[in-house]
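1. Here's a sequence, model it:
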Amino acid sequence: MIDLILQCSTVKGACAIAGLSWDEAWGIMQRAVARGQARKEARPIAYIGVDERRFGKVIGTHTVVCDLSRSTVEFVAEERKTESLAAYYAQLTDEQKAALHAVAMDMWEPYIGATRDDLPNGDEKIVFHRFHIMRDMTKAVDTVRKQEHREFLRAGEDSPLAGTKLRVPLQ
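-> Model (predicted):
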């Protein structure tokens, strides 16, 4: 059934083919995940990525931790809170925490706090996503540009800043 779900574009489609209800398929997926987690070996991970992921309107937002070197999902927790990421760190051994060199994340304070509090030298391991840095930098430059533009206009001068809004592609 798991192979069928993976081949179909939706769980609903796999259910239609197999003649199962969505709840039955969900139970199969939960058991498969539990088996996979039970077989998983605790190993050191050097680089992780932390982000939130929204799973539909009903299910809500989850915290997702990925091993960036192996491209694997290592942990999923409900909500986007300090406790969500702290639960991942709590399951790590001291050796695994020491082996962790960098944690890539957005500038969400609860994730920053969990990393600072739960990892040795956590502050030094935080790496912010480029997207968020560029977004904040662009916003700051635009704020200063607007202020300078207004100053020119208040002084009764033509503003050389008219039409100069910074547009940086955020990839």
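2. Quick one: residues contacting the closest residue to His101 other than its chain neighbours.
-> Nearest non-adjacent residue to His101, counting by CB to CB, 6 or more residues apart in numbering: Ala46, 4.8 Å away. C-beta coordinates here come from the backbone N, C-alpha and C atoms, glycine included. By CB atoms under 8 Å, 6 or more residues apart in numbering, the contact set of Ala46 is Ser69, Ala99, Leu100, His101, Ala102.
3. so where is this structure shaky, pLDDT-wise?
-> 56-59, 166-171 (pLDDT under 70).
4. Dead centre of it: give me the residue that sits there.
-> Asp51 (0.9 Å; CA atoms, centre = their mean).
5. What residues are bridge-paired with that residue?
-> For Asp51, the beta-bridge partners under DSSP bridges are Val64.
6. pretty sure it contacts Asp106?
-> Yes: taking contacts as CB atoms under 8 Å, Asp51 lies within contact range of Asp106: 6.6 Å.
7. Mind splitting this protein into its structural domains?
-> 1-40, 43-124, 129-165 (automatic domain parsing).
8. who's in contact with the residue nearest to the centre of the chain?
-> Taking CB under 8 Å, 6+ apart, one finds Thr63, Val64, Cys66, Met105, Asp106 in contact with Asp51.
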